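Colleague: please work out how this folds:
(2 chains)
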There are 2 protein chains.
Amino acid sequence: MPTLQVKTASADYPVFVGRNLFPAIARAKRLRQCGKVFVVTSPEIWALWGKKFLAAFPKDQQPTVLFLPAGERFKRLSQIERLASELAAAGADRSSVLIAFGGGIIGDLAGFLAAIYMRGIDYLQVPTTLLAQVDSSAGGKTGANLASGKNLIGSFHHPRAVFADIDVLQTLPDRELRAGLYESVKAGIIRDAALFRFMEKNSEKILSRDPAALERVITASIRMKAQVVGIDERDSGLRMVLNYGHTLGHAIESATNYRALLHGEAIAWGMLAALRIALARKTVGRDQAERIEQTLLAYGPLPPFRSTPAKLLTAAGRDKKNSAGTRRFILPQGIGNAVVAEDVTDQELHAAVEWLLTHARRGFSNP
Amino acid sequence: MPTLQVKTASADYPVFVGRNLFPAIARAKRLRQCGKVFVVTSPEIWALWGKKFLAAFPKDQQPTVLFLPAGERFKRLSQIERLASELAAAGADRSSVLIAFGGGIIGDLAGFLAAIYMRGIDYLQVPTTLLAQVDSSAGGKTGANLASGKNLIGSFHHPRAVFADIDVLQTLPDRELRAGLYESVKAGIIRDAALFRFMEKNSEKILSRDPAALERVITASIRMKAQVVGIDERDSGLRMVLNYGHTLGHAIESATNYRALLHGEAIAWGMLAALRIALARKTVGRDQAERIEQTLLAYGPLPPFRSTPAKLLTAAGRDKKNSAGTRRFILPQGIGNAVVAEDVTDQELHAAVEWLLTHARRGFSNP
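Modeller: This is a model prediction of the structure:
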């Protein structure tokens, strides 16, 4: 039984959240009548889980494994070209199915590969990091980076099913777990006050990877995202609120060449900076702002990074969420709600960047 | 007033066929409220038509010009990467519009660029070869090649309008004109007996580029395609008949490294070879087969090429129209109708390849 269903104008597919899901993947409806099955994964994930993964598949439907090295710098069209050539050489056709088995980079790039191989083949998402489970595996956004910016190339292409396996998280490094949890806190802040309160009160349990607590956080996070995507599939209205923290978060990632911070960490920095703007505008009260900050920091200190005002401002101007010169910020409105602001002034932007750089050198943590 | 309208499940856009269309392009509805406008074109086309093209645009909306070198070998992801980087550097965002101004390779690649830049921006098709006008500019198929095969990467992404300008054809080399006319004969064979008869009787007028005759041929060809695409947008049923000549045509192109023949010429060879299979199966009568062959050859002799049975058979097996090992041929059924055959035997395939290679060395023409 699926945990929930993503329903949009163009797609309708199940999300499974739970333990020991590999057998369910192998039994997935889409794999019952299809051509060859391919897995796109990283060598690291495969070393940990490959044997168990393959064991779940019947002998006459063993998937062919394609590897993508770990790291944002491999999320490029040159890798798409290589993987597509490997697919063609292995006889992949329109009836073939890909399984994206890895973190967000694997999911985005393998999803994009599925979107454009022979003008689109089906794929399943099996996210192996918390961030990918709660943030990128459902919703259909796929993409690759250009040298000049992240995800500047991509497609909307929904998976046929998503499998978020709690067990796989047991091998996730602590820092990556925390980076994913920031995104779940974000889900609470922008749209799910109950999730926020749960994460506010249960940080120890969650950080100790209690399966029931993780399952609750993951399910609520994906449900929030599925609701938003169901209403606004193509990022033209409501879906923009999912980008809370992204305007400056992306700028930080770009200004630090995607090396200093994990994606979730950069977004958490971006959330705190945008929170300053919301606080100054009084769309959020001082108490609420403090709860937001403390809950984010309960999941670990934000690591330091180095940049300059000029670098961050330039990078913020190139964000693809901007349309025809508009500067777009998502601002929390209390807890459990957020608004899109297109009228953030230079002064507000500079103040937010200044706040970031004041704290960036030493990192940021609860006192 | 548009000449006709393409209506599919996901798109609805006008096609203009006529003379002196540049001012109509500049006035296109989609360009009224948009961000920056970009033209993707080839240096050759731009040298001939660039000045006149730009002159049609108001001073405050002069498009930025991006170049793609001519030739199938540039229809690759590496060029997409370069063009996307140029778009990003020039400040293209989601409100920007591309204009594909060139032959089929420009149209396919620029359309694909529009499909995946920032997960999709709008574009207009301004095809400058007859082949692109009648074959590829309407219908939403975009793509790039891999080393191992043509159009193995791509998207369905419809343009917001198509402008087929007859005047631009005046600078088209004779050989390219003929290659496009083979595709119009194809349109007649598979679905429009009246177009076939018109082309059967008026080859001299058409080859002399009489504007009224060309306009009739182009309009009928695009109308046929628009009808088919309107019924089957995604290539799962009826649309396959458009691929008459493609199973072996693609194989010839691939086996000759896309160098010996123009696309339309390879498809014409493929049509004649598939005609042999249809004739042997008696889905087409001897008289009809003769009329089809003579009408195709009325538009010029098919140039020679060199290949081997092994090369052609291997390349035919890799055609992306094959699904899970099926071998798919489109066979004419009389004139004005065609069927999809998935049961072509090895023997029939070998006979068709043998016929091709018997005539390939000297080329093929009306006696």
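
Colleague: going by C-alpha atoms from here, please, whenever you check contacts or count neighbours.
Modeller: Noted.

Colleague: pull the CA atoms of the least confident helix or strand in chain A by mean pLDDT into PDB?
Modeller: Least confident helix or strand, chain A: helix A:309-317 with a mean of 89, by mean pLDDT, DSSP states H and E. Provided in PDB are the C-alpha atoms of helix A:309-317 (Å, rounded to 0.1, in the frame of the first residue of the first chain):
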ATOM      1  CA  PRO A 309      29.100  40.700  -0.700                       C
ATOM      2  CA  ALA A 310      29.900  41.200  -4.300                       C
ATOM      3  CA  LYS A 311      30.000  37.500  -5.100                       C
ATOM      4  CA  LEU A 312      26.800  36.700  -3.200                       C
ATOM      5  CA  LEU A 313      24.900  39.700  -4.800                       C
ATOM      6  CA  THR A 314      26.000  38.700  -8.300                       C
ATOM      7  CA  ALA A 315      25.100  35.100  -7.800                       C
ATOM      8  CA  ALA A 316      21.700  36.100  -6.300                       C
ATOM      9  CA  GLY A 317      21.000  38.100  -9.400                       C
END
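
Colleague: listing partners with orientation, what would you give for the next helix-or-strand element following it?
Modeller: On the C-terminal side of helix A:309-317, the nearest following helix or strand under DSSP states H and E is strand A:329-332. If you go by DSSP bridges, strand A:329-332 pairs up with strand A:338-341 (antiparallel).

Colleague: near chain B, anything from the least confident helix or strand of chain A?
Modeller: No: Helix A:309-317 does not reach chain B (C-alpha under 8 Å from any C-alpha of the partner chain); its nearest approach is 9.9 Å.

Colleague: and that helix, how far out from the chain middle?
Modeller: Centroid separation for helix A:309-317 versus its chain: 23 Å, with C-alpha atoms, centre = their mean, to the nearest Å.

Colleague: would you mind pulling the contact partners of that helix?
Modeller: Applying C-alpha atoms under 8 Å, 6 or more residues apart in numbering or on different chains, the contact partners of helix A:309-317 are A:247, A:248, A:250, A:251, A:252, A:254, A:255, A:327, A:350, A:353, A:354, A:357.

Colleague: am I right that the fourth one is in a helix?
Modeller: Yes: going by DSSP: H, G, I helix; E, B strand; the rest coil, the assignment for residue A:251 places it inside a helix.

Colleague: burial check on it, number of neighbours?
Modeller: If you count neighbours by other C-alpha atoms under 10 Å in any protein chain shown, residue A:251 ends up with 26.

Colleague: just checking, what packs against the helix or strand where residue A:105 lies?
Modeller: Assigned by DSSP H and E, residue A:105 falls within helix A:104-116. Applying 3 or more C-alpha pairs under 8 Å, 6 or more residues apart in numbering or on different chains; DSSP states H and E, we find helix A:104-116 packed against strand A:37-41, helix A:77-89, strand A:97-102, strand A:122-127, strand A:141-146, strand A:149-156, strand B:149-156.

Colleague: now the last one - C-alpha only, PDB.
Modeller: Presented in PDB, the C-alpha positions along strand B:149-156 are these (Å, rounded to 0.1, in the frame of the first residue of the first chain):
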ATOM      1  CA  GLY B 149      22.600   7.300 -33.300                       C
ATOM      2  CA  LYS B 150      20.500  10.100 -34.600                       C
ATOM      3  CA  ASN B 151      17.900  11.900 -32.300                       C
ATOM      4  CA  LEU B 152      18.600   9.400 -29.500                       C
ATOM      5  CA  ILE B 153      18.300  12.400 -27.100                       C
ATOM      6  CA  GLY B 154      15.400  14.800 -27.200                       C
ATOM      7  CA  SER B 155      12.100  16.200 -26.000                       C
ATOM      8  CA  PHE B 156       8.500  16.800 -27.100                       C
END
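
Colleague: quick check: residue A:159 touching residue A:111?
Modeller: Yes: under the criterion of C-alpha atoms under 8 Å, residue A:159 makes contact with residue A:111 at 7.5 Å.

Colleague: the two: which has the busier surroundings?
Modeller: Neighbour comparison, residue A:159 and residue A:111: the larger count goes to residue A:111, with 34 against 30 (by other C-alpha under 10 Å).

Colleague: once you drop chain neighbours, what's closest to the more buried one?
Modeller: Nearest residue to residue A:111, sequence neighbours excluded (C-alpha to C-alpha, 6 or more residues apart in numbering or on different chains): residue A:142, at 5.4 Å.

Colleague: would you mind naming what in chain A lies close to chain B?
Modeller: Residues of chain A lying near chain B (C-alpha under 8 Å from any C-alpha): A:34-35, A:77-78, A:81, A:84-85, A:88-89, A:91, A:93-96, A:115-120, A:143, A:146-148, A:151-156, A:318, A:320, A:322-324.

Colleague: just the buried ones among these, please.
Modeller: When the residues of chain A next to chain B are checked for burial by 16 or more other C-alpha atoms under 10 Å in any protein chain shown, the buried set is A:34-35, A:77, A:81, A:84-85, A:88, A:91, A:93-96, A:115-120, A:143, A:146, A:151-156, A:318, A:320, A:322-323.

Colleague: quick one: residues contacting the residue lying closest to residue A:166 once chain neighbours are set aside.
Modeller: Nearest non-adjacent residue to residue A:166, counting by C-alpha to C-alpha, 6+ apart: residue A:19, 5.2 Å away. Contacts for residue A:19 (C-alpha under 8 Å, 6+ apart) come out as A:165, A:166, A:167.

Colleague: got a quick ChimeraX command for the buried subset of those?
Modeller: Typed into ChimeraX, the line below selects the buried ones among those, using 16+ other C-alpha under 10 Å:
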select /A:165,166
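
Colleague: how does chain A divide up, domain by domain?
Modeller: The record's domain parsing of chain A by automatic domain parsing lists A:4-171, A:174-360.

Colleague: could you dump the ones you listed into JSON lines and include distance to residue B:50?
Modeller: JSON lines is the format used below for the domains of chain A (distance: least, C-alpha to C-alpha, whole Å):
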{"stretch": "domain A:4-171", "distance to residue B:50": "28"}
{"stretch": "domain A:174-360", "distance to residue B:50": "26"}
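
Colleague: and those, which one averages the lowest pLDDT?
Modeller: Per-stretch mean pLDDT for the domains of chain A is lowest at domain A:174-360 (a mean of 92).

Colleague: figure out the length between the terminal residues of that one.
Modeller: 21 Å (C-alpha to C-alpha, to the nearest Å).
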